[in-house]
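only the shape, not the letters, is given here:
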């Protein structure tokens, strides 16, 4: 049985769950294994940990890709990002964080997610689609949502889209007081200081402006093609 402890309004899984990632024998089979891990983690936990601090260190001006989409080219050499479309949530001199928006991992009952967040008695009904947000920390859940919803723990991205890591967002969704649009993702894509900048210089990613319709509404099977057609940067 998995165990977890509470940290504020978030649930932190015991360290051995994170160690499951070390059991993945090959990145070629990464997506299949991470889906299995998510199925286990979601049974007991909504939020695993807070995303990295969004405060940029002091220094000269930095051209941020936050609010842009990174689009993997057909020749992407990393199978973890095969045909991935990533919403860049944060990008500063300290590094970058993004959420893959086109790797669905099925649906989970909203009541089950609320029970994992410490509310076993709930009248919430219906299912919530969940996504593989990236290879980093699959025990962490982030909710990408429309920007009219704001709570403590919400990080605004571009005035149209935001991210919240507090379990309160699920409570609000259950009470019909949540964001108009939302996407629940487990895990994220992360880059160290200067790493994403280096990848852009090496032409690793296409880019396109983030589009709420593309993020929340379009058929996930079409997101990569639609994003690629809107690219504003060629390789």
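The structure has been received and is ready for your questions. These numbers were taken from a predicted model, which means no experiment stands behind them.

can we go C-alpha only for contacts and neighbour counts from here?
Fine.

how about the helices in the chain?
In the chain, the helices defined using DSSP state H lie at 15-18, 30-41, 110-116, 168-174, 195-201, 212-216, 220-229.

comparing these, which yields the minimum mean pLDDT?
Of all those, the minimum mean pLDDT falls on helix 15-18 (a mean of 30).

can you get me the start-to-end distance on stretch 151-166?
End-to-end distance for stretch 151-166, by Cα to Cα, to the nearest Å: 8 Å.

residue 83 - nearest residue in space that isn't next to it in sequence?
residue 72 (5.3 Å; Cα to Cα, 6 or more residues apart in numbering).

so what's the residue count around the one you found?
Taking other Cα atoms under 10 Å as the neighbour definition, residue 72 ends up with a count of 22.

and residue 87, by the same measure?
Neighbour tally, residue 87, other Cα under 10 Å: 31.

roughly how far apart are it and residue 145?
Applying Cα to Cα, the value for residue 87 to residue 145 is 12 Å.

mean pLDDT per helix and strand in the protein: which one sits at the bottom?
Sorting the helices and strands of the chain by mean pLDDT, DSSP states H and E puts helix 15-18 at the bottom, at a mean of 30.

now do the strands in this structure.
4-7, 10-13, 68-71, 85-92, 95-100, 104-109, 127-132, 136-146, 154-156, 161-164, 182-191, 206-209 (DSSP state E).

any chance of these in TSV, plus mean pLDDT and distance to residue 197?
Shown next, in TSV, are those (pLDDT from 0 to 100; distance: least, Cα to Cα, whole Å):
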stretch	mean pLDDT	distance to residue 197
strand 4-7	37	33
strand 10-13	36	31
strand 68-71	97	12
strand 85-92	96	9
strand 95-100	96	9
strand 104-109	91	28
strand 127-132	92	24
strand 136-146	90	19
strand 154-156	93	22
strand 161-164	96	22
strand 182-191	94	9
strand 206-209	96	13
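
tabulate those strands in JSON lines, adding columns for distance to residue 222.
As requested, the strands of the chain are arranged in JSON lines below (distance: least, Cα to Cα, whole Å):
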{"stretch": "strand 4-7", "distance to residue 222": "37"}
{"stretch": "strand 10-13", "distance to residue 222": "33"}
{"stretch": "strand 68-71", "distance to residue 222": "13"}
{"stretch": "strand 85-92", "distance to residue 222": "11"}
{"stretch": "strand 95-100", "distance to residue 222": "14"}
{"stretch": "strand 104-109", "distance to residue 222": "12"}
{"stretch": "strand 127-132", "distance to residue 222": "15"}
{"stretch": "strand 136-146", "distance to residue 222": "19"}
{"stretch": "strand 154-156", "distance to residue 222": "26"}
{"stretch": "strand 161-164", "distance to residue 222": "20"}
{"stretch": "strand 182-191", "distance to residue 222": "16"}
{"stretch": "strand 206-209", "distance to residue 222": "15"}
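
to residue 221, which of these lies closest?
With Cα to Cα, the closest approach to residue 221 among these belongs to strand 104-109: 9.3 Å.

contacts for that closest one?
By Cα atoms under 8 Å, 6 or more residues apart in numbering, the surrounding residues in contact with strand 104-109 are 35, 125-132, 220.
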